[in-house]
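Chemist: sharing a model prediction with you, sequence too.
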Amino acid sequence: MSIVKEFKEFAMKGNVVDMAVGIIIGAAFGKIVASVVNDIIMPPIGVLIGGVNFSDLSAVIKQASVDAAGNAIAAVTINYGKFIQTTIDFLIVAFAIFVMVKVMNNLKKKEVEAPVEAPPPAEPTKEEILLTEIRDLLKKQNS
């Protein structure tokens with residue numbers, strides 16, 4: 001079997017196409033969530049904590065300098081503020097996804113829990129009626 005034919009069979013399987021659609025939708029949803037975090041949730045949090053922008057926080061290991069040739073050497077910094085900002089973004093995104101999944105699960109649970117009427121009990125067969133009568137007669141005789 002040629003490689004092209006094998007690849008075509010692989011690419012046209014339903015699972016691969018479903019996965020591709022999921023990845024594309026996931027990427028688009030990621031942009032929406034990032035926008036919600038950056039544009040809607042973080043500004044009020046910034047106001048509450050006094051307008052601190054975590055992204056600007058850093059520790060300078062080595063100051064910027066100029067070498068003998070006159071070239072500027074950038075400062076060496078540990079940008080812990082970006083780490084804090086990324087961590088906060090992650091926690092907000094994780095919480096938003098948690099809430100969304102919880103809502104979806106509750107909606108699914110309501111569908112499943114919809115009462116299904118149980119069928120009425122079946123009428124006993126002639127054999128069951130006869131056996132019940134025999135059992136009752138034996139109980140009377142033994143009593």
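Modeler: Alright, I've got the coordinates.
Chemist: how does this protein divide into domains?
Modeler: For the chain, automatic domain parsing gives the domain ranges 1-51, 53-114.
Chemist: show the pLDDT at the residue most central in space within the chain.
Modeler: Against the mean C-alpha coordinate of the chain, by CA atoms, centre = their mean, the closest residue is residue 97 at 5.1 Å. If you check residue 97, the pLDDT there is 77.
Chemist: same check on residue 3?
Modeler: Looking at residue 3, the pLDDT reads 87.
Chemist: quick check on it: phi, psi?
Modeler: The phi/psi pair for residue 3 (degrees, to the nearest 10) reads phi -60, psi -40.
Chemist: ditto for residue 63
Modeler: Torsion angles, degrees, to the nearest 10, at residue 63: phi -70, psi 160.
Chemist: that one is in contact with residue 73, isn't it?
Modeler: No - counting by CB atoms under 8 Å, no contact exists between residue 63 and residue 73, whose distance comes to 9.3 Å. Where you see a C-beta, it was placed from the backbone N, CA and C, and this is true even at glycine.
Chemist: going on from the helix or strand harbouring residue 5, what's the next piece of helix or strand?
Modeler: Assigned by DSSP states H and E, residue 5 falls within helix 3-11. For helix 3-11, the succeeding helix or strand toward the C-terminus, using DSSP H and E, is helix 14-35.
Chemist: packing partners of that following helix?
Modeler: Applying 3 or more CB pairs under 8 Å, 6 or more residues apart in numbering; DSSP states H and E, we find helix 14-35 packed against helix 80-112.
Chemist: how far away is residue 65 from residue 58?
Modeler: 17 Å (CB to CB, to the nearest Å).
Chemist: now do the phi/psi pair for residue 64.
Modeler: Dihedral angles (degrees, to the nearest 10) for residue 64: phi -70, psi 150.
Chemist: quick one: it from residue 76, how far?
Modeler: In terms of CB to CB, residue 64 sits 9 Å off from residue 76.
Chemist: for the helix or strand bottoming out on mean pLDDT in the chain, C-alpha coordinates in CSV please.
Modeler: Ranking every helix and strand in the chain by mean pLDDT, DSSP states H and E puts helix 42-48 at the bottom, with a mean of 78. What follows is helix 42-48, C-alpha atoms only, in CSV (Å, rounded to 0.1, in the frame of the first residue of the first chain):
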residue,chain,number,x,y,z
MET,A,42,-8.0,41.9,35.2
PRO,A,43,-8.8,45.7,35.0
PRO,A,44,-11.1,45.5,38.1
ILE,A,45,-8.5,43.4,39.9
GLY,A,46,-5.9,45.9,39.0
VAL,A,47,-8.0,48.7,40.5
LEU,A,48,-8.7,46.7,43.7
